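In: just a sequence and a predicted model for now, questions to come.
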Amino acid sequence: MHVSHLSLADFRSYERAEVPLDPGVTAFVGPNGQGKTNLVEAVGYLATLGSHRVSADAPLVRMGAARAVVRAAVVQDGRQQLVELELNPGKANRARLNRSSQVRPRDVLGVLRSVLFAPEDLALVKGDPDQRRRYLDELITARAPRLAGVRSDYDRVLKQRNTLLKTAAMARRHGGRQLDLSTLDVWDQHLARAGAELLAQRLELIAVLQPLVDKAYEQVAPGGGPAAFEYRSPAGGRFAEARTREEFAGLLLEAMAEARKQEIERGVTLVGPHRDDLVLKLGELPAKGYASHGESWSYALALRLASYELLRGEGDGEPVLVLDDVFAELDTRRRERLAELVAPGEQVLVTAAVAEDVPEVLAGVRFTVADGRVERG
């Protein structure tokens, strides 16, 4: 799989940009602040419907413009598809496939698959649990795009349930009448059903991902592991023996029933996949708080490399690999090992402030990015 052409309109700093791309390695080189990352961010957005830099769409639209358009021609097994997303902050985004077919944005998931590594990924190791949950859920969706609907359903039900709990908490604090919470049982059922699917998918993913991460960490930092996971939930270890979606749903309902009094007091849902964490470990110790800066970088690299290997091995074509300003952050040893590992990829997109930051093994097509222009050569 590779992108043969990227087209931007009013995306980030670009009023217009047309970038023809080839398989193999392509490097975008230019001073910081000139728009290199904007180009690969657009590729990542088409693959995931989200940015690795911001959580909302508004910053992605060029100042003064009402909307932005990101379009790419994606080639897989000799077949080309044109995927397009129109970003409308404050309104519903729109999507098209092959120009004539208008679809829901989530229906384009899977047309382009990418794995993006950026300096922000250090937060996977050092940051809050939401970073690691997002990592798992985006990889789940990359493997099975239909699960975008499950994630959307879970978020919608969670919002409704939290609204009801917050209203009940406010009424209690201000001495108001007791609310009828019978509808909470209905929301519990909906949340447990969607949450069970999400939870089961996460645990299945972790099982296949674990050995790949350990192998990748050894490749990047020989002798520094082992790298391991522990899935941790406020609901405790009750999910360890569950096998079916029905069992997961039942256990979630049980955990919600136990937490209901506290949830009503606090006005928020306290159990469910949205509260879980993936604890990353090096040896017997958690990486967060114990790993050095170099070890944290190696772990973040291992997570992305493992994602790449997993998607590549599942028969739907190699994902596009994006390395956004990564090599400047790495020492010589890690830089060389990473370059050797990714060089054989079907399409590798690299950004760097100076040409010297791109390892020789990744020699390929070069674009210069400066003053709003993207020029080959």
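Out: Structure's in. What do you need?
In: first to last residue in stretch 41-54, what's the distance?
Out: By CA to CA, to the nearest Å, the extent of stretch 41-54 from end to end equals 10 Å.
In: got the buried residues for it?
Out: 41-49, 51-52 (16 or more other CB atoms under 10 Å). To be clear about C-beta, it is placed using only N, CA and C from the backbone, and glycine gets the same treatment.
In: then stretch 123-131?
Out: Across stretch 123-131, burial judged by 16+ other CB under 10 Å covers 123-126, 131.
In: what about the buried residues of stretch 41-54, which are in helices?
Out: Using DSSP state H, the members of those that fall in helices are 41-48.
In: which one among these gets closest to Leu97?
Out: Ranked by distance to Leu97 (CB to CB), those are led by Leu46 at 11.6 Å.
In: now the closest one, nearest residue through space, not along the chain?
Out: Leaving aside its chain neighbours, Leu46 sits nearest to Leu112 (5.0 Å; criterion: CB to CB, 6 or more residues apart in numbering).
In: now do the contacts for that neighbour.
Out: Each residue near Leu112 by CB atoms under 8 Å, 6 or more residues apart in numbering is listed here: 1, 3, 43, 46-47, 72, 74, 83, 320.
In: equivalent analysis for Glu263, please.
Out: Taking CB under 8 Å, 6+ apart as the criterion, Glu263 is in contact with 165, 256, 269-270.
In: which one of the buried residues of stretch 123-131 is nearest to Ala56?
Out: Nearest member of the buried residues of stretch 123-131 to Ala56, counting by CB to CB, is Gln131, at 16.5 Å.
In: does that closest one count as helix, strand or coil?
Out: Using DSSP: H, G, I helix; E, B strand; the rest coil, the structure places Gln131 in helix.
In: what about the nearest residue to it once chain neighbours are set aside, distance to Leu116?
Out: Distance criterion CB to CB, 6+ apart; nearest residue to Gln131, sequence neighbours excluded, is Ala123 at 4.7 Å. Distance, Ala123 to Leu116, by CB to CB, to the nearest Å: 14 Å.
In: the contacts of Glu263 in helices, which ones?
Out: Those of the contacts of Glu263 lying in helices (DSSP H): 165, 256.
In: show me which pair in the contacts of Glu263 is furthest apart.
Out: Checking the contacts of Glu263 with CB to CB, the most distant pair is Leu165 and Met256, at 10.8 Å.
In: buried residues in the helix of greatest length in the chain?
Out: Longest helix of the chain, by residue count under DSSP H: helix 182-220. If you call a residue buried by 16+ other CB under 10 Å, then helix 182-220 has these buried ones: 184, 187-188, 190-202, 205, 209, 212-220.
In: swap in stretch 165-173?
Out: Within stretch 165-173, the residues that count as buried by 16+ other CB under 10 Å are 165, 168-169.
In: repeat that for stretch 68-88.
Out: 68-76, 82-87.
In: what's the answer for stretch 86-100, then?
Out: By neighbour count on 16+ other CB under 10 Å, the buried set for stretch 86-100 is 86-87, 93-96.
In: how distant is that stretch from the center of its chain?
Out: Remark: stretch 86-100 is offset 20 Å from the chain centroid, using CA atoms, centre = their mean, to the nearest Å.
In: between the two ends of that stretch, how far is it?
Out: 14 Å.
In: which residues are contacting it?
Out: Stretch 86-100 is contacted by residues 11, 56-58, 60-61, 66-70, 81-85, 102-105, 107-108, 111 when judged by CB under 8 Å, 6+ apart.
In: give me the mean pLDDT for that stretch.
Out: Mean per-residue pLDDT for stretch 86-100: 90.
In: per-residue pLDDT, Gly175?
Out: We have a pLDDT of 65 for Gly175.
In: okay, now the unreliable bits of the protein?
Out: Along the chain, segments meeting pLDDT under 70 span 174-180, 315.
In: show me where the stretch 51-200 of the chain has its strands.
Out: Using DSSP state E, counting those that start in this stretch, the strands assigned to the stretch 51-200 of the chain run over residues 68-76, 79-87, 94-97, 101-103, 114-117.
In: run me through the strand neighbours of the third one, direction for each.
Out: By that I understand strand 94-97. The pairing partners recorded for strand 94-97 under DSSP bridges are strand 79-87 (antiparallel), strand 101-103 (antiparallel).
In: that older thread, overlap in contacts of Leu165 and Met256?
Out: The contact sets of Leu165 and Met256 overlap at 263, 269 (CB under 8 Å, 6+ apart).
In: quick one: the helices in this structure?
Out: Counting by DSSP H, the chain has helices at residues 36-48, 122-126, 129-143, 147-173, 182-220, 245-266, 293-312, 332-342.
In: I am finished for the moment; much appreciated.
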